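Enquirer: Quick one: sequence and predicted model below, then my questions.
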Amino acid sequence: MDMTEIISHIYQDNEGHWVTQSNEDHSIGVARLASQFAGEFGMSEWGKVLGLLHDKGKETDAFQQYIKKESGYAPDIKICGKHHHAYVGGILAQKYYGKSSYNLFVNQIVSHHTGLHDSDEIKEIINQEIPSEVNVYHTKEKLNRPEFNIQENDFHHLARMLFSCLVDADFLDTEAFMDRESYTLRQNKEALNNLLPLLENKLKDLKTKADSSEINIIRNQIQQQCLKMADTPTGFYSLTVPTGGGKTLSSLVWAIKHAIKNGQKRVIIAIPYTSIIVQTASVLRSIFGEENVLEHHSCVDPEQIKDEKLKEKMKLATENWDYPIIVTTNVQLFVSMFSNKPSACRKLHNIVNSVIILDEVQTLPTDYLQPIVDSLKTYNKLFNVSFLFTTASQPVLSGLIEGCNPKAAFNGIDHIKEIIPDDFKLHDKLRRVKLSINNEGKTYDELAEMLSQHKRVLCIVNTRRDAKEIYERLPQEGITLHLSKMMCPDHISETLKAIKTALKDNKNEIIRVVSTQLIEAGVDIDFPFVFRQEAGLDSVLQAAGRCNREGKNGLSTTYVFSLSKEHNLTNGDIQAANNARLSLGNDHDWFAPETMTSFFKQLYCRKESFDKKDIRHYLYYPTNNLSFQTAAKEFQLIEDDGVNVVVCWKNSIDLVQKLLVNGPSYMLMKKLSKYMVNINKTDFKTLADMGGVSEKKEGLFVVDYKQQYDEHIGLRTDNNWANEILIQ
């Protein structure tokens, strides 16, 4: 068969003509792109091989019959035999490059539609005959040996990176043929060296407008130190700056200058909480323009972009992160690094040659700390990625990290360079708060009474239930607000805006807020008094960062309290962190970096494991026994033990109706995600048993009774629905 006659893709144009892409053209196009992507880490020939072999199975008669039938070109044609094609290229890859290629060529090719398999499954899949129609001739490429040394914990990342190069190249070449308009929208990205002047102009403008207060002088010193330290080789760096020190812009100054110096292409900012992401992305868009900042998380609001072309461009960019500046979540970043799915892995090759800012790095989950830290080391060594850890409470990530189980110990990062030297003594210069710790238990009523003694006060607690109970006991006077994840993201965002607006108006005498931890790290608010329920020292200091932020109240107080008269802390991370803090005793400068180091050592020494799901067992073993699919299922930074329900807020029910009529779409699901609340299965059962939730479509659960969603506290799981019926 003439190779130019073998169809890879086919569609009918607006005039009714059938347009085909030959399999040869597609394979060459994918090989060119995959080679370019893999060339970023010195393995261009390897990418080329993946592209040339990935669709060899399309040469079978069965696939040609299948694509003609499915496209409508020949709807009545009969399909004879198996039309699945990916396994054929995998068999050929092993034939040409040996068994050692299982997880560098074979798995990638076999899995380029389904997702990387566990190695034992791959062996079964390729234990088939090559169909007779397939041209088995292939010029064996001479493969260069990469310059880096690969250790056992590196190999799975390299395998996944090659997979990323293939699947993104496959998507892009297909899109260039099938959807030229979308492909064109992806082009013409701005380079970082063209964006740097925009940041420099912003900093000059801020400096001109800023008064000569002590805090602004310190912020300028921090920025200058970041500029000085940007001219450094790729590696690991930390920026430990107390709250209010201008960490966001200073870290960005360092990252962009550092990237330009080292020939890196993009800056990725990973943040633990969506509330901070929205805030950070808004600041960055105001500097660099909407067209240069990609905000990628589950609650991003597509309606914030008015330009339809730009909206579509941003949607496309979420698929593969081909953007100069990306703001995303820790979960999105790390789950992608351990995923096996093409949709999640497409972006990985665009992390190569980048600078990653890990904001609020103290929030990295200790149960997964070993595979996370190991992944950072691999990305630095193999893929030329620099990391900047930013926080007001720097965790211990270097050297030997030990838990209470001797087998739990693992080696951290060899060396992390601190950008701010000790002699800056920022914790003294930026000291605006003192801690008042009272370990005697309080009741909800007692705490509500204490809060009522203050006109402007923020109270942060550990659970949604505690937030609700305390809020409902506060006098409803002035501005009294509640924040928790029982509220949908849109409601939370609206409430945060209301708090920030209210605090700026001196006419608002009373502003009292009760919130869960979602407000404590990185959110730009300033209260004269803060109360924080007992927790780890890192959480306590983050809460203190919302107190007297601008230093206008002299030395303010953050009160640490216990609710042990109501209940003890539940077993788990919060209790372990609180015990680590209590073990330090009382005689400390709580804001000193050495105290934070002592706290994290206390916290770590209580850990049974830094790899709770034993990820190393699936991925660190000899290269022919890697279990990509199993590891991806186990690596879940957010435990999937809850249920997302759509609540009745604003136009959410109208959107549900649109979905039922028109079916799901990317934009519609994005809009709906703003009106979802994740509840545990017990609360879900309570709602279901009383008829308060219904499944409108498979997996789409809706609480559409208006009275079940409170405008102050969000979703109620008590029997509000039945009570309303009785009243009527």
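Expert: Alright, I've got the coordinates.
Enquirer: The stretch 101-250 of the chain: helices as residue ranges?
Expert: Along the stretch 101-250 of the chain, the segments classed as helices by DSSP state H, counting those that start in this stretch run 107-110, 119-125, 155-178, 180-185, 192-209, 214-229, 247-261.
Enquirer: any low-confidence regions in the stretch 101-250 of the chain?
Expert: Along the stretch 101-250 of the chain, the model assigns pLDDT under 70 to no residue.
Enquirer: What of the chain?
Expert: For the chain, the stretches flagged by pLDDT under 70 are 1-4, 301-304, 622-624, 639-641, 719-728.
Enquirer: okay, now L33: neighbour count?
Expert: Neighbour count for L33, taken as other CB atoms under 10 Å: 22. From N, CA and C alone the C-beta is placed, and that goes for glycine too.
Enquirer: oh, I was asking about H427
Expert: Neighbours of H427 (other CB under 10 Å): 20.
Enquirer: what residues are up against it?
Expert: When contacts are counted by CB atoms under 8 Å, 6 or more residues apart in numbering, H427 touches 242, 589, 591-593.
Enquirer: rerun at 6 Å
Expert: 242, 591-592 (CB atoms under 6 Å, 6 or more residues apart in numbering).
Enquirer: for N651, phi and psi?
Expert: Backbone torsions of N651, given as degrees, to the nearest 10, read phi -100, psi 30.
Enquirer: if I look at it, how far off is K658?
Expert: Using CB to CB, to the nearest Å, N651 is found at 10 Å from K658.
Enquirer: With neighbour numbers in mind, choose between these two.
Expert: Each of N651 and K658 has its neighbours counted (other CB under 10 Å); K658 has more, 16 against 11.
Enquirer: what's around the residue nearest to that one when sequence neighbours are not counted, how many residues?
Expert: The shortest distance from K658 to any non-neighbouring residue, by CB to CB, 6 or more residues apart in numbering, is to L668 (6.2 Å). Neighbour count for L668, taken as other CB under 10 Å: 16.
Enquirer: do the same with the one 10 residues further on
Expert: A total of 17 residues lie near N678 under the criterion other CB under 10 Å.
Enquirer: tell me the SS of it?
Expert: Assigned with DSSP: H, G, I helix; E, B strand; the rest coil, N678 falls in the strand class.
Enquirer: who's in contact with it?
Expert: By CB under 6 Å, 6+ apart, the residues touching N678 are 642, 644.
Enquirer: doesn't A498 fall inside a helix?
Expert: Yes. If the criterion is three-state DSSP, then A498 is within a helix.
Enquirer: Next one: the nearest residue to it once chain neighbours are set aside from I276, what distance?
Expert: Once flanking residues are discounted, A498 sits nearest to L481: 6.8 Å by CB to CB, 6+ apart. Noted for L481: a distance of 19 Å to I276, by CB to CB.
Enquirer: Between these two, which is the more surrounded one?
Expert: Counted by other CB under 10 Å, L481 and I276 do not tie: I276 has more neighbours, with 22 against 19.
Enquirer: Give the helix, strand or coil label for the more buried one.
Expert: Under three-state DSSP, I276 falls in the helix class.
Enquirer: Who are the contact partners of it?
Expert: Contacts for I276 (CB under 6 Å, 6+ apart) come out as G522.
Enquirer: if we look at stretch 570-579, which residues are touching it?
Expert: 462, 534-536, 569, 603, 606.
Enquirer: Could you export those to CSV, including columns for neighbour count and secondary structure?
Expert: Putting the contacts of stretch 570-579 into CSV (neighbours: other CB atoms under 10 Å; DSSP: H, G, I helix; E, B strand; the rest coil) gives the following:
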residue, neighbour count, secondary structure
N462, 21, coil
E534, 25, coil
A535, 23, coil
G536, 24, coil
L569, 19, coil
L603, 25, helix
R606, 15, coil
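Enquirer: between the residues you listed, which is closest to T366?
Expert: Taking CB to CB as the measure, T366 sits nearest to L603 out of these, at 7.2 Å.
Enquirer: dump the residue contacts of K377.
Expert: By CB under 6 Å, 6+ apart, no residues touch K377.
Enquirer: that's a strand at it, yeah?
Expert: No. Counting by three-state DSSP, K377 is not found in a strand; it is helix.
Enquirer: Look at the residue nearest to A498 and tell me its secondary structure.
Expert: With three-state DSSP as the basis, L481 sits in strand.
Enquirer: Pretty sure it sits against R512.
Expert: No. Taking contacts as CB atoms under 6 Å, L481 lies outside contact range of R512: 7.4 Å.
Enquirer: With distance to A392 added, can I get the contacts of stretch 570-579 in JSON lines?
Expert: Formatted as JSON lines, those follow (distance: CB to CB, whole Å):
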{"residue": "N462", "distance to A392": "20"}
{"residue": "E534", "distance to A392": "19"}
{"residue": "A535", "distance to A392": "15"}
{"residue": "G536", "distance to A392": "13"}
{"residue": "L569", "distance to A392": "23"}
{"residue": "L603", "distance to A392": "17"}
{"residue": "R606", "distance to A392": "23"}
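Enquirer: burial count for Q362?
Expert: If we define neighbours as other CB under 10 Å, then Q362 has 25 of them.
Enquirer: you'd agree it is up against S393?
Expert: Yes. Proximity of Q362 to S393 meets the contact threshold set by CB under 6 Å, at 5.0 Å.
Enquirer: Find the residues that touch each one of these two.
Expert: D538.
Enquirer: Strands of the stretch 351-500 of the chain, start to end?
Expert: Along the stretch 351-500 of the chain, counting by DSSP state E, counting those that start in this stretch, strands occupy 354-359, 386-391, 400-401, 410-411, 417-418, 433-441, 456-460, 479-483.
Enquirer: Ok, which of those strands comes nearest C547?
Expert: Closest approach to C547 among the strands of the stretch 351-500 of the chain (CB to CB): strand 433-441, 4.9 Å.
Enquirer: Touching the closest one from outside, list them.
Expert: Outside strand 433-441, the residues that touch it by CB under 6 Å, 6+ apart are 544, 547-548, 555-562, 564-565, 590.
Enquirer: how about the strands of the stretch 351-500 of the chain in TSV, adding distance to E70?
Expert: Listed next are these as TSV, based on distance: least, CB to CB, whole Å:
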stretch	distance to E70
strand 354-359	38
strand 386-391	45
strand 400-401	53
strand 410-411	49
strand 417-418	55
strand 433-441	65
strand 456-460	55
strand 479-483	50
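Enquirer: out of those, which comes closest to I615?
Expert: When the strands of the stretch 351-500 of the chain are compared by CB to CB, strand 410-411 sits nearest I615, at 11.8 Å.
Enquirer: quick revisit: run through the bridge partners of the residue nearest to A498.
Expert: Here L481 sits in beta bridges with V513, as judged by DSSP bridges.
Enquirer: Quick check: L569 vs N579, distance?
Expert: According to CB to CB, L569 and N579 sit 9 Å apart.
Enquirer: count of neighbours near V457?
Expert: V457, neighbours per other CB under 10 Å, totals 22.
Enquirer: How about L227?
Expert: Here the count is done by other CB under 10 Å, and L227 has 15 residues near it.
Enquirer: Give the full set of residues in contact with it.
Expert: With CB under 6 Å, 6+ apart, L227 has these contacts: V253.
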